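**Student:** My questions are about this predicted structure, shown below with the sequence.
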Amino acid sequence: MTTQPQTDTKPEQANTAEQKIQQLRELYADAPELGRVAMENGLPDLTREMAAATETQNAGRKGARQGRVSEFTIIVPFAEGGAKRLRGLLQLLGGNFKGADRVGTVHDMRFVFLDNDTKLLFATAYDDEWDPYIDDFATKIPNALDLLFCNTEGYPGIHSPSIKDWLVKHQTAAEAWYVASPNLTVADTRRLERVGKALEEFLDKIS
Amino acid sequence: MATQPQAATKTETDETADEKIQQLRKLFADAPEVGKRALENVLQRLASDASKAPPPPVESAGRVGSRLGKVSELTIIVPFAPGGAERLRAFLRLFGGNLAGADDVGSVHDMRFVFLDNDTRMLFATAYDGDWDAYIDDFATKIPDFLDIIDSAWDGWPGIRSPEAKDYLAKYQVTAEGWYVANDLTVAETRRLARVGKALEEFLDKIS
(Lines give C-alpha, C1' and ligand atoms only; values in the text may rest on other atoms or scores of the structure.)
Protein backbone atom coordinates (compact mmCIF):
# COMPACT_ATOMS: atom_id res chain seq x y z
CA MET A 1 0.00 0.00 0.00
CA THR A 2 2.80 2.38 0.85
CA THR A 3 5.09 1.21 -1.94
CA GLN A 4 4.17 4.15 -4.14
CA PRO A 5 5.92 7.38 -3.15
CA GLN A 6 3.34 10.01 -2.28
CA THR A 7 5.10 12.81 -4.13
CA ASP A 8 5.13 10.90 -7.40
CA THR A 9 1.82 12.19 -8.73
CA LYS A 10 2.86 12.75 -12.33
CA PRO A 11 3.45 9.15 -13.39
CA GLU A 12 0.19 8.30 -11.64
CA GLN A 13 -1.74 10.75 -13.80
CA ALA A 14 -0.12 9.51 -16.98
CA ASN A 15 -0.98 6.04 -15.86
CA THR A 16 -4.59 7.06 -15.44
CA ALA A 17 -4.76 8.52 -18.94
CA GLU A 18 -3.29 5.32 -20.34
CA GLN A 19 -5.72 3.30 -18.28
CA LYS A 20 -8.55 5.35 -19.66
CA ILE A 21 -7.45 4.68 -23.24
CA GLN A 22 -7.21 1.02 -22.35
CA GLN A 23 -10.70 1.16 -20.88
CA LEU A 24 -11.99 2.84 -24.03
CA ARG A 25 -10.54 0.12 -26.24
CA GLU A 26 -11.97 -2.62 -24.07
CA LEU A 27 -15.31 -0.85 -23.93
CA TYR A 28 -15.54 -0.74 -27.70
CA ALA A 29 -14.15 -4.22 -28.35
CA ASP A 30 -17.68 -5.53 -28.88
CA ALA A 31 -19.06 -2.40 -30.55
CA PRO A 32 -20.29 -2.53 -34.14
CA GLU A 33 -17.49 -2.36 -36.70
CA LEU A 34 -18.01 1.33 -37.45
CA GLY A 35 -17.82 2.15 -33.76
CA ARG A 36 -14.50 0.31 -33.40
CA VAL A 37 -13.07 2.05 -36.45
CA ALA A 38 -14.24 5.42 -35.20
CA MET A 39 -12.61 4.70 -31.85
CA GLU A 40 -9.25 3.94 -33.44
CA ASN A 41 -9.49 7.03 -35.67
CA GLY A 42 -10.58 9.24 -32.83
CA LEU A 43 -8.12 8.13 -30.14
CA PRO A 44 -5.61 10.98 -30.57
CA ASP A 45 -8.37 13.59 -30.25
CA LEU A 46 -10.04 11.73 -27.45
CA THR A 47 -6.81 11.51 -25.49
CA ARG A 48 -6.35 15.25 -25.77
CA GLU A 49 -9.87 15.88 -24.68
CA MET A 50 -9.82 13.55 -21.74
CA ALA A 51 -6.84 15.45 -20.42
CA ALA A 52 -8.69 18.75 -20.79
CA ALA A 53 -12.15 17.66 -19.67
CA THR A 54 -13.60 19.29 -16.61
CA GLU A 55 -16.31 17.43 -14.80
CA THR A 56 -19.93 18.26 -15.49
CA GLN A 57 -21.17 19.89 -12.33
CA ASN A 58 -24.40 19.41 -10.56
CA ALA A 59 -27.32 21.81 -10.91
CA GLY A 60 -28.28 21.35 -7.28
CA ARG A 61 -31.22 19.12 -6.55
CA LYS A 62 -31.06 17.35 -9.91
CA GLY A 63 -29.60 17.75 -13.39
CA ALA A 64 -26.26 18.48 -15.03
CA ARG A 65 -24.54 21.85 -15.19
CA GLN A 66 -21.69 23.40 -17.15
CA GLY A 67 -20.39 26.67 -15.78
CA ARG A 68 -23.43 28.89 -15.30
CA VAL A 69 -25.81 26.85 -17.46
CA SER A 70 -27.86 23.85 -16.27
CA GLU A 71 -30.20 21.38 -17.92
CA PHE A 72 -33.66 20.27 -16.87
CA THR A 73 -35.23 17.31 -18.68
CA ILE A 74 -38.60 15.91 -17.66
CA ILE A 75 -40.93 13.36 -19.20
CA VAL A 76 -44.47 13.20 -17.81
CA PRO A 77 -47.52 11.22 -18.89
CA PHE A 78 -50.34 13.35 -20.25
CA ALA A 79 -53.58 13.60 -18.28
CA GLU A 80 -56.72 12.53 -20.07
CA GLY A 81 -57.40 15.02 -22.85
CA GLY A 82 -54.18 16.80 -21.88
CA ALA A 83 -52.29 16.28 -25.15
CA LYS A 84 -55.17 17.72 -27.16
CA ARG A 85 -55.48 20.73 -24.86
CA LEU A 86 -51.77 21.46 -24.80
CA ARG A 87 -51.43 21.13 -28.56
CA GLY A 88 -54.38 23.48 -29.02
CA LEU A 89 -52.82 25.97 -26.62
CA LEU A 90 -49.41 25.82 -28.30
CA GLN A 91 -50.95 26.23 -31.73
CA LEU A 92 -52.90 29.28 -30.63
CA LEU A 93 -49.64 30.73 -29.29
CA GLY A 94 -47.93 29.93 -32.57
CA GLY A 95 -45.54 27.62 -30.72
CA ASN A 96 -44.02 30.67 -29.11
CA PHE A 97 -43.58 31.74 -25.47
CA LYS A 98 -42.65 35.35 -25.08
CA GLY A 99 -43.77 34.99 -21.47
CA ALA A 100 -40.55 33.13 -20.71
CA ASP A 101 -38.66 36.39 -21.33
CA ARG A 102 -40.09 37.54 -18.02
CA VAL A 103 -38.44 34.68 -16.16
CA GLY A 104 -35.10 35.96 -17.43
CA THR A 105 -33.08 32.82 -16.68
CA VAL A 106 -34.26 30.50 -19.47
CA HIS A 107 -31.86 30.04 -22.42
CA ASP A 108 -34.12 27.73 -24.37
CA MET A 109 -36.98 25.32 -23.84
CA ARG A 110 -38.96 22.84 -25.87
CA PHE A 111 -42.21 20.90 -25.61
CA VAL A 112 -42.22 17.58 -27.45
CA PHE A 113 -45.09 15.09 -27.65
CA LEU A 114 -43.91 11.48 -27.34
CA ASP A 115 -45.22 7.97 -27.86
CA ASN A 116 -48.48 8.76 -29.69
CA ASP A 117 -49.32 11.75 -27.52
CA THR A 118 -49.15 9.79 -24.28
CA LYS A 119 -46.15 11.63 -22.80
CA LEU A 120 -44.75 15.12 -22.74
CA LEU A 121 -41.03 15.87 -22.91
CA PHE A 122 -40.06 19.27 -21.53
CA ALA A 123 -36.38 20.13 -21.85
CA THR A 124 -34.73 23.42 -21.01
CA ALA A 125 -31.38 25.13 -20.52
CA TYR A 126 -31.35 27.64 -17.67
CA ASP A 127 -29.07 29.64 -15.40
CA ASP A 128 -27.43 28.19 -12.30
CA GLU A 129 -29.32 26.33 -9.59
CA TRP A 130 -32.37 24.10 -9.65
CA ASP A 131 -34.22 25.56 -6.66
CA PRO A 132 -34.09 29.26 -7.60
CA TYR A 133 -35.04 28.31 -11.18
CA ILE A 134 -38.27 26.66 -10.09
CA ASP A 135 -38.89 29.52 -7.67
CA ASP A 136 -38.42 32.01 -10.54
CA PHE A 137 -41.15 30.33 -12.55
CA ALA A 138 -43.43 30.14 -9.54
CA THR A 139 -42.96 33.83 -8.76
CA LYS A 140 -42.87 35.33 -12.24
CA ILE A 141 -45.20 33.28 -14.47
CA PRO A 142 -47.15 30.92 -12.20
CA ASN A 143 -50.26 30.98 -14.36
CA ALA A 144 -48.45 30.18 -17.58
CA LEU A 145 -46.85 27.22 -15.87
CA ASP A 146 -50.16 25.94 -14.52
CA LEU A 147 -51.73 26.35 -17.97
CA LEU A 148 -49.04 24.23 -19.57
CA PHE A 149 -48.57 21.52 -16.97
CA CYS A 150 -52.16 21.07 -15.80
CA ASN A 151 -52.32 18.86 -18.89
CA THR A 152 -49.98 16.30 -17.33
CA GLU A 153 -50.93 13.56 -14.93
CA GLY A 154 -50.86 14.32 -11.23
CA TYR A 155 -49.60 17.90 -11.62
CA PRO A 156 -50.14 19.45 -8.19
CA GLY A 157 -50.02 23.14 -9.26
CA ILE A 158 -47.05 25.51 -9.06
CA HIS A 159 -48.17 26.86 -5.67
CA SER A 160 -48.47 23.40 -4.13
CA PRO A 161 -45.88 22.49 -1.49
CA SER A 162 -45.36 19.19 -3.32
CA ILE A 163 -44.49 20.76 -6.71
CA LYS A 164 -40.72 20.33 -6.37
CA ASP A 165 -40.98 16.70 -5.35
CA TRP A 166 -43.29 16.06 -8.28
CA LEU A 167 -40.82 17.63 -10.72
CA VAL A 168 -37.84 15.73 -9.30
CA LYS A 169 -39.75 12.48 -9.52
CA HIS A 170 -40.24 12.87 -13.27
CA GLN A 171 -36.89 14.51 -14.04
CA THR A 172 -34.01 12.51 -15.51
CA ALA A 173 -30.52 13.95 -15.15
CA ALA A 174 -28.52 14.06 -18.40
CA GLU A 175 -25.48 11.78 -18.51
CA ALA A 176 -23.66 14.34 -20.60
CA TRP A 177 -24.27 18.04 -21.08
CA TYR A 178 -22.57 20.48 -23.43
CA VAL A 179 -22.89 24.26 -23.50
CA ALA A 180 -21.07 26.40 -26.09
CA SER A 181 -20.74 29.46 -23.85
CA PRO A 182 -20.94 28.07 -20.33
CA ASN A 183 -19.87 31.31 -18.67
CA LEU A 184 -22.72 33.44 -19.97
CA THR A 185 -26.10 33.71 -18.28
CA VAL A 186 -29.12 34.91 -20.27
CA ALA A 187 -28.68 38.34 -18.67
CA ASP A 188 -24.93 38.39 -19.49
CA THR A 189 -25.63 37.73 -23.16
CA ARG A 190 -28.29 40.43 -23.27
CA ARG A 191 -25.90 42.89 -21.69
CA LEU A 192 -23.21 41.95 -24.23
CA GLU A 193 -25.69 42.51 -27.02
CA ARG A 194 -26.31 46.02 -25.74
CA VAL A 195 -22.56 46.63 -25.32
CA GLY A 196 -21.91 45.45 -28.87
CA LYS A 197 -24.60 47.73 -30.23
CA ALA A 198 -23.41 50.74 -28.23
CA LEU A 199 -19.85 50.15 -29.36
CA GLU A 200 -20.91 50.04 -32.99
CA GLU A 201 -22.81 53.31 -32.64
CA PHE A 202 -19.84 54.85 -30.89
CA LEU A 203 -17.42 53.74 -33.62
CA ASP A 204 -19.84 55.03 -36.25
CA LYS A 205 -19.92 58.43 -34.55
CA ILE A 206 -16.14 58.87 -34.29
CA SER A 207 -15.42 57.52 -37.75
CA MET B 1 -67.54 36.95 -48.22
CA ALA B 2 -66.89 40.48 -49.40
CA THR B 3 -68.86 42.00 -46.54
CA GLN B 4 -65.76 42.77 -44.51
CA PRO B 5 -64.05 45.99 -45.57
CA GLN B 6 -60.42 45.34 -46.44
CA ALA B 7 -59.17 48.47 -44.69
CA ALA B 8 -60.47 47.38 -41.31
CA THR B 9 -57.37 45.45 -40.33
CA LYS B 10 -57.45 46.62 -36.76
CA THR B 11 -60.94 45.28 -36.21
CA GLU B 12 -59.88 42.09 -37.84
CA THR B 13 -56.95 41.72 -35.45
CA ASP B 14 -59.26 42.33 -32.51
CA GLU B 15 -61.67 39.77 -33.84
CA THR B 16 -58.90 37.24 -34.24
CA ALA B 17 -57.78 37.87 -30.69
CA ASP B 18 -61.35 37.48 -29.46
CA GLU B 19 -61.74 34.31 -31.45
CA LYS B 20 -58.54 32.92 -30.02
CA ILE B 21 -59.67 33.63 -26.50
CA GLN B 22 -62.96 31.93 -27.29
CA GLN B 23 -61.08 28.92 -28.59
CA LEU B 24 -58.86 28.85 -25.51
CA ARG B 25 -61.87 28.89 -23.19
CA LYS B 26 -63.40 26.03 -25.10
CA LEU B 27 -60.13 24.11 -25.08
CA PHE B 28 -59.78 24.43 -21.33
CA ALA B 29 -63.45 23.82 -20.48
CA ASP B 30 -62.62 20.28 -19.36
CA ALA B 31 -59.17 21.05 -17.94
CA PRO B 32 -58.36 20.40 -14.28
CA GLU B 33 -59.42 23.20 -11.91
CA VAL B 34 -55.84 24.53 -11.62
CA GLY B 35 -55.71 24.95 -15.41
CA LYS B 36 -59.06 26.69 -15.70
CA ARG B 37 -58.16 29.15 -12.98
CA ALA B 38 -54.76 29.82 -14.58
CA LEU B 39 -56.45 30.52 -17.91
CA GLU B 40 -58.79 33.11 -16.41
CA ASN B 41 -55.80 34.72 -14.70
CA VAL B 42 -53.79 35.08 -17.92
CA LEU B 43 -56.58 35.88 -20.37
CA GLN B 44 -56.21 39.62 -19.87
CA ARG B 45 -52.51 39.47 -20.56
CA LEU B 46 -53.03 37.20 -23.55
CA ALA B 47 -55.57 39.64 -24.94
CA SER B 48 -53.17 42.57 -24.65
CA ASP B 49 -50.31 40.47 -26.08
CA ALA B 50 -52.48 39.45 -29.01
CA SER B 51 -53.30 43.04 -29.95
CA LYS B 52 -49.59 44.00 -29.86
CA ALA B 53 -47.14 43.10 -32.59
CA PRO B 54 -47.02 39.32 -32.63
CA PRO B 55 -43.70 37.63 -31.76
CA PRO B 56 -41.79 36.04 -34.63
CA PRO B 57 -43.38 32.74 -35.57
CA VAL B 58 -41.78 29.38 -34.90
CA GLU B 59 -40.77 28.01 -38.28
CA SER B 60 -39.44 24.74 -39.61
CA ALA B 61 -35.72 24.03 -39.24
CA GLY B 62 -35.77 22.38 -42.66
CA ARG B 63 -36.25 18.65 -42.96
CA VAL B 64 -37.37 18.13 -39.35
CA GLY B 65 -37.55 20.24 -36.20
CA SER B 66 -38.56 23.74 -35.13
CA ARG B 67 -36.72 27.00 -35.49
CA LEU B 68 -37.12 30.38 -33.82
CA GLY B 69 -35.11 33.14 -35.46
CA LYS B 70 -31.57 31.84 -35.88
CA VAL B 71 -31.76 28.92 -33.46
CA SER B 72 -33.24 25.48 -34.17
CA GLU B 73 -34.00 22.42 -32.09
CA LEU B 74 -33.27 18.77 -32.74
CA THR B 75 -34.87 16.20 -30.45
CA ILE B 76 -34.30 12.54 -31.14
CA ILE B 77 -35.20 9.40 -29.21
CA VAL B 78 -33.42 6.27 -30.38
CA PRO B 79 -33.42 2.66 -29.17
CA PHE B 80 -30.08 1.45 -27.85
CA ALA B 81 -28.27 -1.40 -29.60
CA PRO B 82 -27.52 -4.41 -27.37
CA GLY B 83 -24.74 -3.34 -25.01
CA GLY B 84 -24.95 0.18 -26.40
CA ALA B 85 -26.19 1.91 -23.24
CA GLU B 86 -23.44 0.39 -21.13
CA ARG B 87 -20.78 1.35 -23.67
CA LEU B 88 -21.99 4.90 -24.10
CA ARG B 89 -22.39 5.54 -20.37
CA ALA B 90 -18.86 4.33 -19.68
CA PHE B 91 -17.58 6.42 -22.59
CA LEU B 92 -19.33 9.58 -21.38
CA ARG B 93 -18.06 9.04 -17.83
CA LEU B 94 -14.46 8.89 -19.03
CA PHE B 95 -15.01 12.47 -20.17
CA GLY B 96 -16.71 13.48 -16.97
CA GLY B 97 -19.91 14.02 -18.95
CA ASN B 98 -18.28 16.92 -20.79
CA LEU B 99 -18.30 17.00 -24.60
CA ALA B 100 -15.99 19.87 -25.37
CA GLY B 101 -15.31 18.28 -28.77
CA ALA B 102 -18.52 19.91 -29.95
CA ASP B 103 -16.71 23.26 -29.81
CA ASP B 104 -15.16 22.22 -33.12
CA VAL B 105 -18.57 22.06 -34.78
CA GLY B 106 -19.13 25.71 -33.91
CA SER B 107 -22.90 25.75 -34.44
CA VAL B 108 -24.07 23.89 -31.32
CA HIS B 109 -25.52 25.99 -28.49
CA ASP B 110 -26.16 23.13 -26.14
CA MET B 111 -26.76 19.39 -26.20
CA ARG B 112 -27.70 16.70 -23.74
CA PHE B 113 -27.68 12.90 -23.60
CA VAL B 114 -30.36 11.38 -21.42
CA PHE B 115 -30.84 7.64 -20.86
CA LEU B 116 -34.51 6.64 -20.72
CA ASP B 117 -36.70 3.68 -19.84
CA ASN B 118 -34.14 1.55 -17.99
CA ASP B 119 -31.39 2.23 -20.52
CA THR B 120 -33.40 0.97 -23.49
CA ARG B 121 -33.72 4.35 -25.24
CA MET B 122 -31.67 7.49 -25.49
CA LEU B 123 -32.79 11.08 -25.79
CA PHE B 124 -30.48 13.46 -27.61
CA ALA B 125 -31.64 17.06 -27.56
CA THR B 126 -29.75 20.02 -28.93
CA ALA B 127 -30.09 23.70 -29.84
CA TYR B 128 -28.14 24.68 -32.94
CA ASP B 129 -27.74 27.36 -35.59
CA GLY B 130 -29.71 27.48 -38.81
CA ASP B 131 -30.78 24.64 -41.03
CA TRP B 132 -31.11 20.91 -40.36
CA ASP B 133 -29.14 19.72 -43.39
CA ALA B 134 -26.22 22.07 -42.84
CA TYR B 135 -26.06 21.10 -39.17
CA ILE B 136 -25.82 17.37 -39.86
CA ASP B 137 -23.25 18.08 -42.58
CA ASP B 138 -21.20 20.08 -40.05
CA PHE B 139 -21.02 17.10 -37.72
CA ALA B 140 -20.20 14.74 -40.56
CA THR B 141 -17.39 17.00 -41.79
CA LYS B 142 -15.92 18.21 -38.54
CA ILE B 143 -16.22 15.43 -35.96
CA PRO B 144 -17.34 12.25 -37.82
CA ASP B 145 -15.45 9.79 -35.62
CA PHE B 146 -16.65 11.38 -32.41
CA LEU B 147 -20.18 11.08 -33.74
CA ASP B 148 -19.81 7.44 -34.75
CA ILE B 149 -18.33 6.49 -31.38
CA ILE B 150 -21.45 7.86 -29.73
CA ASP B 151 -24.04 6.83 -32.28
CA SER B 152 -22.74 3.29 -32.67
CA ALA B 153 -24.57 2.74 -29.38
CA TRP B 154 -27.83 3.23 -31.33
CA ASP B 155 -29.77 0.37 -32.82
CA GLY B 156 -29.23 0.24 -36.58
CA TRP B 157 -27.02 3.36 -36.86
CA PRO B 158 -25.63 3.26 -40.43
CA GLY B 159 -22.60 5.49 -39.77
CA ILE B 160 -22.36 9.24 -40.40
CA ARG B 161 -20.65 8.71 -43.76
CA SER B 162 -23.49 6.47 -44.96
CA PRO B 163 -25.97 7.95 -47.44
CA GLU B 164 -28.69 6.67 -45.09
CA ALA B 165 -27.49 8.61 -42.03
CA LYS B 166 -29.87 11.52 -42.57
CA ASP B 167 -32.88 9.27 -43.16
CA TYR B 168 -32.05 7.42 -39.96
CA LEU B 169 -31.90 10.67 -37.96
CA ALA B 170 -35.07 12.07 -39.53
CA LYS B 171 -36.93 8.86 -38.78
CA TYR B 172 -36.28 9.06 -35.02
CA GLN B 173 -36.49 12.82 -34.67
CA VAL B 174 -39.62 14.35 -33.12
CA THR B 175 -40.38 17.99 -33.92
CA ALA B 176 -41.04 20.15 -30.86
CA GLU B 177 -44.53 21.67 -30.76
CA GLY B 178 -43.31 24.53 -28.62
CA TRP B 179 -39.87 26.13 -28.85
CA TYR B 180 -38.42 29.13 -27.04
CA VAL B 181 -35.01 30.80 -27.37
CA ALA B 182 -34.06 33.77 -25.18
CA ASN B 183 -31.37 35.40 -27.33
CA ASP B 184 -31.54 35.44 -31.10
CA LEU B 185 -27.79 35.03 -31.64
CA THR B 186 -25.72 32.34 -33.33
CA VAL B 187 -22.96 30.59 -31.37
CA ALA B 188 -20.36 32.58 -33.34
CA GLU B 189 -22.13 35.90 -32.69
CA THR B 190 -22.28 35.21 -28.98
CA ARG B 191 -18.59 34.35 -28.89
CA ARG B 192 -17.73 37.48 -30.81
CA LEU B 193 -19.77 39.59 -28.38
CA ALA B 194 -18.00 37.95 -25.44
CA ARG B 195 -14.66 38.98 -26.98
CA VAL B 196 -15.94 42.51 -27.67
CA GLY B 197 -17.11 42.81 -24.07
CA LYS B 198 -13.75 41.67 -22.75
CA ALA B 199 -11.78 43.95 -25.06
CA LEU B 200 -13.94 46.90 -24.06
CA GLU B 201 -13.36 46.21 -20.38
CA GLU B 202 -9.60 46.06 -20.91
CA PHE B 203 -9.75 49.28 -22.91
CA LEU B 204 -11.74 51.06 -20.22
CA ASP B 205 -9.32 49.78 -17.60
CA LYS B 206 -6.39 51.18 -19.53
CA ILE B 207 -7.81 54.66 -20.02
CA SER B 208 -9.17 54.98 -16.49
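**Tutor:** Thanks, I have the structure now.

**Student:** Output the below-cut-off pLDDT ranges for chain B.
**Tutor:** Chain B contains residues with pLDDT under 70 at B:1-15, B:46-55.

**Student:** What ranges does it have for its strands?
**Tutor:** All strands of chain B, identified by DSSP state E, fall at B:59-60, B:66-68, B:71-79, B:108-116, B:121-129, B:178-181.

**Student:** Chain neighbours aside, what residue packs nearest to residue B:100?
**Tutor:** Once flanking residues are discounted, residue B:100 sits nearest to residue A:49: 6.0 Å by Cβ to Cβ, 6 or more residues apart in numbering or on different chains. (Glycine included, C-beta is placed from N, CA and C.)

**Student:** before we move on, what SS does the one you found have?
**Tutor:** helix (DSSP: H, G, I helix; E, B strand; the rest coil).

**Student:** show me the contacts for it.
**Tutor:** Residues near residue A:49 by Cβ atoms under 8 Å, 6 or more residues apart in numbering or on different chains: B:95, B:100-101.

**Student:** tell me the contacts of the residue most central in space within chain A?
**Tutor:** In chain A, the centroid-proximal residue (Cα atoms, centre = their mean) is residue A:71; its distance is 2.1 Å. Counting by Cβ under 8 Å, 6+ apart, residue A:71 touches A:59, A:63-65, A:123-126, A:174, A:177, B:110, B:112.

**Student:** looking just at contacts, which helices and strands does the helix or strand where residue A:204 lies meet?
**Tutor:** In this assignment (DSSP states H and E), residue A:204 forms part of helix A:186-206. Where contact means 3 or more Cβ pairs under 8 Å, 6 or more residues apart in numbering or on different chains; DSSP states H and E, helix A:186-206 is packed against helix B:187-207.

**Student:** list the buried ones in the helix it packs on?
**Tutor:** B:187, B:189-191, B:193-194, B:197, B:200 (16 or more other Cβ atoms under 10 Å in any protein chain shown).

**Student:** just the residues you listed that are near chain A?
**Tutor:** Among the buried residues of helix B:187-207, the ones lying near chain A by Cβ under 8 Å from any Cβ of the partner chain are B:187, B:190-191, B:193-194, B:197, B:200.

**Student:** does the closest residue to residue A:43 other than its chain neighbours count as helix, strand or coil?
**Tutor:** Distances taken as Cβ to Cβ, 6+ apart place residue A:21 nearest to residue A:43, at 6.7 Å, with adjacent residues excluded. Three-state call for residue A:21 (three-state DSSP): helix.

**Student:** quick one: residue A:21 and residue A:48 touch, right?
**Tutor:** No. Residue A:21 is beyond contact range of residue A:48, at 11.5 Å (criterion: Cβ atoms under 8 Å).

**Student:** Looking at those two, which one has more neighbours?
**Tutor:** A side-by-side neighbour count of residue A:21 and residue A:48, using other Cβ atoms under 10 Å in any protein chain shown, places residue A:21 first with 16 against 12.

**Student:** if we can go back for a sec, if I look at the residue nearest to residue B:100, how far off is residue B:143?
**Tutor:** 11 Å (Cβ to Cβ, to the nearest Å).

**Student:** Mind listing the shared neighbours of these two?
**Tutor:** In contact with both residue A:49 and residue B:143: residue B:101, using Cβ under 8 Å, 6+ apart.

**Student:** Now for residue A:129: which residues touch it?
**Tutor:** With Cβ under 8 Å, 6+ apart, residue A:129 has these contacts: A:59-60, A:70.

**Student:** re the thing from before, dump the contacts of residue A:71 into TSV; add secondary structure, neighbour count and distance to residue B:165 as well.
**Tutor:** Formatted as TSV, those follow (DSSP: H, G, I helix; E, B strand; the rest coil; neighbours: other Cβ atoms under 10 Å in any protein chain shown; distance: Cβ to Cβ, whole Å):
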residue	secondary structure	neighbour count	distance to residue B:165
A:59	coil	23	32
A:63	coil	26	30
A:64	strand	26	27
A:65	strand	23	31
A:123	strand	26	23
A:124	strand	22	28
A:125	strand	26	26
A:126	strand	29	32
A:174	coil	26	23
A:177	strand	28	24
B:110	strand	24	22
B:112	strand	26	21
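
**Student:** what's the farthest-apart pair in these?
**Tutor:** Using Cβ to Cβ, the two most remote members of the contacts of residue A:71 are A:65 and A:123, lying 14.6 Å apart.

**Student:** List the beta-bridge partners for the residue nearest the centre of chain B.
**Tutor:** Centroid check for chain B by Cα atoms, centre = their mean gives residue B:73 as the closest residue, at 2.3 Å. Note on residue B:73: beta-bridge partners residue B:127, judged by DSSP bridges.

**Student:** right, and it touches residue B:64 too?
**Tutor:** No. Between residue B:73 and residue B:64 there is no contact under Cβ under 8 Å: 9.9 Å.

**Student:** List the residues that contact the closest residue to residue B:183 other than its chain neighbours.
**Tutor:** What sits nearest to residue B:183 in space, not counting adjacent residues and going by Cβ to Cβ, 6+ apart, is residue A:189, at 4.8 Å. Counting by Cβ under 8 Å, 6+ apart, residue A:189 makes contact with A:181, B:182-183, B:185, B:190, B:193.

**Student:** sorry, back to before: tell me which of the strands of chain B is the most buried.
**Tutor:** strand B:178-181 (a mean of 26; mean count of other Cβ atoms under 10 Å in any protein chain shown).

**Student:** could you say what helices and strands that one packs with?
**Tutor:** Checking 3+ Cβ pairs under 8 Å, 6+ apart, strand B:178-181 ends up next to strand A:106-114, strand B:66-68.

**Student:** which one of the ones you listed lies closest to residue A:37?
**Tutor:** Minimum separation from residue A:37 across the helices and strands packed on strand B:178-181 (Cβ to Cβ) falls at strand A:106-114, 32.7 Å.

**Student:** quick one: average confidence on that closest one?
**Tutor:** Computed over strand A:106-114, the mean pLDDT rounds to 96.
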